[in-house]
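Participant: coords below, sequence missing:
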């Protein structure tokens, strides 16, 4: 069954004098448990596509179905709940609060979900153990290396036991060895836990490790298929 179904998705930005069509009538499906790479150069529309699919922005037209639910018909509160309970996010820029402890950063989506403080700490520690960083739980996030920060981001992403992880250039700021470790963690989550993994990247080598690739150019899908 398709966990994500995108139908005729279009996004037009109207900030300048001329409207800019970032996405143009894009359609695809992603099956539960797949690893899929959305591949394209800078400005291709791949990040716009991720933001729309992850329900962080609204399309100009088209539909996004998550687990068969038409997200356009959901109220804001329902949409936020769906996003919090279904998705995990790993971003190239980390988006961590550097002044907070590692465990506080990991607990954030659990706090949003309304989980009790005691339970949050238990879940967050388990998530940190999964990425081999439980010994850094009470360190300040600002004291971590880039690779450690990315692993904390993965721990935060898996804390709410998501069905889908969106990873936006997850190894873009990392050296090869550290990047390989981050990739290993993500693909293990996909294979061992059945988490659907969607990686947005311009890195063809990383994309080739996924089950399937969706190539995007000038806001349109130019090729789609298994590796």
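Facilitator: Here it is on my side, so go on. As the structure is a prediction and not an experimental result, all values here were calculated from the model. Residues are numbered from 1 along each chain as shown.

Participant: For the rest of this, base every contact and every neighbour count on C-alpha atoms.
Facilitator: Fine.

Participant: Check what pLDDT residue 54 gets.
Facilitator: pLDDT for residue 54: 93.

Participant: my bad, residue 162
Facilitator: pLDDT recorded at residue 162 is 93.

Participant: Does it touch residue 83 like I think?
Facilitator: No. Assessed by CA atoms under 8 Å, residue 162 is found out of contact with residue 83, at 9.3 Å.

Participant: where does the residue sitting nearest the centre point of the chain sit relative to residue 119, distance-wise?
Facilitator: Taking CA atoms, centre = their mean, the centroid of the chain lies closest to residue 166, which sits 1.6 Å from it. Residue 166 sits 25 Å away from residue 119, going by CA to CA, to the nearest Å.

Participant: again with residue 23
Facilitator: Counting by CA to CA, the separation of residue 23 from residue 119 is 41 Å.

Participant: Between those two, tell me which one has more neighbours.
Facilitator: residue 23 (26 against 13; other CA atoms under 10 Å).

Participant: Helix, strand or coil: sort out that one for me.
Facilitator: Here residue 23 is strand, with the state taken from DSSP: H, G, I helix; E, B strand; the rest coil.

Participant: ok, and the closest non-adjacent residue to it?
Facilitator: Counting by CA to CA, 6 or more residues apart in numbering, residue 23 lies nearest to residue 219, which is 4.0 Å off, once chain neighbours are set aside.

Participant: Return the residues in contact with that neighbour.
Facilitator: Listed by CA atoms under 8 Å, 6 or more residues apart in numbering, the contact set of residue 219 reads 21, 22, 23, 24, 26, 44, 45, 46.

Participant: any idea which helix is longest in this protein?
Facilitator: In the chain, assigned by DSSP state H, the helix with the most residues is helix 176-193.

Participant: Run through who's touching that one.
Facilitator: Applying CA under 8 Å, 6+ apart, the external contacts of helix 176-193 come out as 33-35, 131, 147, 150-151, 154, 170-172, 195-197.

Participant: Same check on stretch 73-89?
Facilitator: Here stretch 73-89 has contacts from 54-55, 71, 109, 112-113, 153-154, 156-158, 160-167, using CA under 8 Å, 6+ apart.

Participant: mind running it again at 10 Å?
Facilitator: Contact with stretch 73-89 is made by 54-56, 63, 66-67, 69, 71-72, 109-110, 112-113, 153-168, 170, 195-198, as judged by CA atoms under 10 Å, 6 or more residues apart in numbering.

Participant: Fine by me, thanks again.
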